[in-house]
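Participant: A predicted structure for the sequence below; I have some questions about it.
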Amino acid sequence: MNTNERWVLLLTLLLIVVIVAIDLITDTSQGVVLWHVFIEGSAGALALAGILYLLHQQFQLKDDLQKERLLSAAWQQESEQWRSQSKAYLAGLSSLIEQQLTAWGLSPSEREVAFFLLKGMSLKEIAMLRNTSEKTARVQSTAIYAKSGLSGRSELSAFFLEDLLPASSATGNHSA
């Protein structure tokens, strides 16, 4: 239920409470039987309970939204802090990867494709980014593997990333 629907329902229930209250005042002054007053009073009490419930839910929703905004801001700050701290390391790693690609004798285009492959992009995505055909990206990736002596994308990634990640424990336990 969106906010507008909540407010319409809230105002409708408030109007019901007011009408029932006026009717109860009129009925009691005219000496209407007690069971009739009780039934109408119960209807008014239920409408009032609905108002209180909606208000509670509205405030709870606002509170939850505020908590989520704070949590999101904290995650954003943590992400920015990580990026800032790792920037120098990543620049150094990028430079070392570039040196290795050059040592393999890759052309500038092949080096660019190699970086895209390391980022996990598909040949179709690489072709789109470089404004070439998918066939060209495939030929360049094949040249990368041939010049490097690696068999494919997974070996290319492993060549650069294997030593960056900690070895798994001998017991096979992985913490999540």
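Facilitator: Received the coordinates, thanks.
Participant: continuing past the helix or strand hosting residue 50, what's the next helix or strand?
Facilitator: Following DSSP states H and E, one finds residue 50 within helix 34-103. Using DSSP H and E, the helix or strand that follows helix 34-103 towards the C-terminus is helix 108-118.
Participant: which of the residues in that next one are buried?
Facilitator: The neighbour-count check on helix 108-118 (16 or more other C-beta atoms under 10 Å) flags 110, 111, 112, 113, 114, 116, 117, 118 as buried. (Each C-beta comes from the backbone N, C-alpha and C, glycine too.)
Participant: what residue is smack in the middle of this protein?
Facilitator: residue 72 (9.4 Å; C-alpha atoms, centre = their mean).
Participant: For it, report the pLDDT, please.
Facilitator: Looking at residue 72, its pLDDT stands at 94.
Participant: Quick check: residue 149 vs residue 6, distance?
Facilitator: Note on residue 149: its distance to residue 6, by C-beta to C-beta, to the nearest Å, is 65 Å.
Participant: Pick out whichever of the two has more residues nearby.
Facilitator: residue 6 (15 against 9; other C-beta atoms under 10 Å).
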